[in-house]
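Participant: Quick one: sequence and predicted model below, then my questions.
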There are 2 protein chains.
Amino acid sequence: MGRWEPDARGRLAKAALDLYSERGFEQTTAAEIARRAGLTERTFFRHYADKREVLFAGSPEMQHLFVTAVAGAAPSASPMEALAAGYDAVSGFFADRRDFARKRQAVILQNAELLERELMKLASLAAALAGALRERGTATAEASLAAEAGVAVFKVGFERWVSPGEERGMAQLLRGALAELGSLTGGRLSGGG
Amino acid sequence: MGRWEPDARGRLAKAALDLYSERGFEQTTAAEIARRAGLTERTFFRHYADKREVLFAGSPEMQHLFVTAVAGAAPSASPMEALAAGYDAVSGFFADRRDFARKRQAVILQNAELLERELMKLASLAAALAGALRERGTATAEASLAAEAGVAVFKVGFERWVSPGEERGMAQLLRGALAELGSLTGGRLSGGG
DNA sequence: TGATTGATGTCAGTGACTGCCGTCAGCCTA
DNA sequence: TAGGCTGACGGCAGTCACTGACATCAATCA
């Protein structure tokens, strides 16, 4: 056996979510998270840049899956069709994390600092998606707009997916939210590309 | 003469922007801002909840003007037309603050924490605008979508307005950005209401 | 076998932010 | 006109987020 227990990073993330749920984000210190994970405060800050980031550990992987799926969609696909391919990819990513996502979302919605960080992650996602769409040949302005709209749809679908009692799958909910956007905009957002 | 120099809050805001511009946000301490304003650190935190908030002192007033204009637009106006009335109102608000806005934007774009706070303010604005549209009778989903789109247009127009060398007025730039959105979406976003 | 590496611990900071209490000019009231 | 109240500020002590520097030691490699 190694010198230390394995997966320090994962233990920190679990301890943090548990403590944030139990007493709230502000009432939890980094030292407490570390202690529960069997580590020290200093080690916590080696794994996560700050107290908020520990709740967003999966964000880069999710964004990568999303962007890769958009970039890999059929060249003939419209921007919104390419984004829909991204929805399927992230739905797979989240599929076995629903309880975790619900618990995490409940914590985030209770704290302004965490909401700020979430908005920042979504802005980063929108920028990355716009880049992927541009690489596919979508014009800059349209790519940005489609990416913003795509993230708005993702937000709505995700919120429904984590809402209490909701049992439908994320892919289905995202498709539904996308369809709603389509009817609101008359489907014209999906042209071009 | 009063016991203290007048407008402590304004002096703090000016000192903060100047120092953030000179040395950067992270390299400036709250005590330094307070000292330059002829006050103490403790008083700084009485006027502003944190080091970031001092750059967003005008945000509530701007949001209020925006929302009030949207709420007060002609009942026959479509959601996007109501938002356009809001654009005119905020353009007046910003008209004599262009140098300030440029300096402030340059600071914000250099710092992730400040960007997060800006995203939060825009999210708050979008929520307030959606509320105003709903009060006008716009359906919930359409109100939220129109508000998001409206904020996106505001972001684009604002960025152009503060960009170096740009001399056109904010109202004109916002109208231009709104028109671009309209052509991208085929104008269907402006229906209903 | 000895050097290196990598994840961790330890310690001593800095600075953001808060609670509590003291100060004092301006104002209100009897 | 004396006395009390209030609002805006200063001073101080404390907590906690976060950082840099250095030590430790099992695993691994030359």
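Facilitator: Yep, that arrived.
Participant: The residue in chain A that DNA strand D sits nearest to: what secondary structure?
Facilitator: The minimum distance from chain A to DNA strand D, using CB to the nearest atom of the strand, falls at A:Asp50 (3.1 Å). Glycine gets a C-beta too; all of them are placed from N, C-alpha and C. Following DSSP: H, G, I helix; E, B strand; the rest coil, A:Asp50 is assigned to coil.
Participant: Can you read off the pLDDT for it?
Facilitator: For A:Asp50, the pLDDT comes out at 98.
Participant: if I look at it, how far off is DNA strand C?
Facilitator: 12 Å (CB to the nearest atom of the strand, to the nearest Å).
Participant: count of neighbours near that residue?
Facilitator: 12 (other CB atoms under 10 Å in any protein chain shown).
Participant: Next, find the distance separating it from A:Gln105.
Facilitator: 19 Å (CB to CB, to the nearest Å).
Participant: likewise A:Glu5?
Facilitator: In terms of CB to CB, A:Glu5 sits 28 Å off from A:Gln105.
Participant: nearest residue to the residue positioned nearest the centre of chain A other than its sequence neighbours?
Facilitator: Centroid-nearest residue in chain A: A:Ser59, 5.3 Å away (criterion: CA atoms, centre = their mean). Closest residue to A:Ser59 apart from its sequence neighbours, by CB to CB, 6 or more residues apart in numbering or on different chains: A:Lys121 at 5.1 Å.
Participant: isn't that neighbour right next to A:Phe56, touching?
Facilitator: Yes. Assessed by CB atoms under 8 Å, A:Lys121 is found in contact with A:Phe56 at 5.8 Å.
Participant: circling back: quick one: contacts for the residue nearest to A:Ser59?
Facilitator: A:Phe56, A:Ser59, A:Gln63 (CB atoms under 8 Å, 6 or more residues apart in numbering or on different chains).
Participant: State the helix or strand in which it lies.
Facilitator: helix A:112-135 (DSSP states H and E).
Participant: Equivalent analysis for A:Lys14, please.
Facilitator: helix A:8-23.
Participant: and the direction of that helix versus that of helix A:112-135, what angle?
Facilitator: 130 degrees (axes from the mean of the first three to the mean of the last three CA atoms, to 10 degrees).
Participant: List the buried residues in helix A:8-23.
Facilitator: Going by neighbour count (16 or more other CB atoms under 10 Å in any protein chain shown), the buried part of helix A:8-23 is A:Ala8, A:Arg9, A:Arg11, A:Leu12, A:Ala13, A:Lys14, A:Ala15, A:Ala16, A:Leu17, A:Leu19, A:Tyr20.
Participant: Is it in proximity to DNA strand D?
Facilitator: No. Against DNA strand D, helix A:8-23 shows no contacts by CB under 7 Å from any atom of the strand, the least distance being 10.3 Å.
Participant: Keeping just the C-alphas, turn that helix into PDB.
Facilitator: What follows is helix A:8-23, C-alpha atoms only, in PDB (Å, rounded to 0.1, in the frame of the first residue of the first chain):
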ATOM      1  CA  ALA A   8      -6.900  12.700  -2.200                       C
ATOM      2  CA  ARG A   9      -8.600  15.000  -4.700                       C
ATOM      3  CA  GLY A  10     -11.800  13.000  -4.800                       C
ATOM      4  CA  ARG A  11     -11.900  12.700  -1.000                       C
ATOM      5  CA  LEU A  12     -11.600  16.400  -0.700                       C
ATOM      6  CA  ALA A  13     -14.400  17.000  -3.200                       C
ATOM      7  CA  LYS A  14     -16.700  14.600  -1.400                       C
ATOM      8  CA  ALA A  15     -15.900  16.000   2.100                       C
ATOM      9  CA  ALA A  16     -16.500  19.600   0.800                       C
ATOM     10  CA  LEU A  17     -19.900  18.800  -0.800                       C
ATOM     11  CA  ASP A  18     -21.000  17.000   2.400                       C
ATOM     12  CA  LEU A  19     -19.900  19.800   4.700                       C
ATOM     13  CA  TYR A  20     -21.400  22.500   2.500                       C
ATOM     14  CA  SER A  21     -24.600  20.600   2.500                       C
ATOM     15  CA  GLU A  22     -24.600  20.000   6.300                       C
ATOM     16  CA  ARG A  23     -23.700  23.500   7.500                       C
END
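Participant: what's downstream of that helix, the next helix or strand?
Facilitator: Criterion used, DSSP H and E; the element after helix A:8-23 is helix A:30-36.
Participant: so what does that next one touch, helix or strand wise?
Facilitator: helix A:8-23, helix A:41-47 (3 or more CB pairs under 8 Å, 6 or more residues apart in numbering or on different chains; DSSP states H and E).
Participant: Briefly note if the helix holding A:Lys14 comes near DNA strand C.
Facilitator: Yes. Contact of helix A:8-23 with DNA strand C (CB under 7 Å from any atom of the strand) involves A:Ala8.
Participant: what sits up against that helix?
Facilitator: Residues contacting helix A:8-23 (CB under 8 Å, 6+ apart): A:5, A:28, A:32-34, A:36-39, A:43-44, A:47-48, A:51, A:54-55, A:57, A:100, A:103-104, A:106-107.
Participant: Okay, domains of chain A per the record?
Facilitator: A:8-54, A:58-185 (automatic domain parsing).
Participant: okay, the angle between the one helix or strand A:Ala179 maps to and helix B:170-185?
Facilitator: Per DSSP H and E: A:Ala179 is located in helix A:170-185. Orientation of helix A:170-185 against helix B:170-185 (the same axes, to 10 degrees) gives an angle of 110 degrees.
Participant: Next, format the helices and strands packed on helix A:30-36 as CSV and append mean pLDDT.
Facilitator: Converted to CSV, the helices and strands packed on helix A:30-36 look like this (pLDDT from 0 to 100):
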stretch, mean pLDDT
helix A:8-23, 98
helix A:41-47, 98
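Participant: who wins for proximity to A:Leu178 among these?
Facilitator: Nearest of the helices and strands packed on helix A:30-36 to A:Leu178, taken as CB to CB: helix A:8-23 at 29.5 Å.
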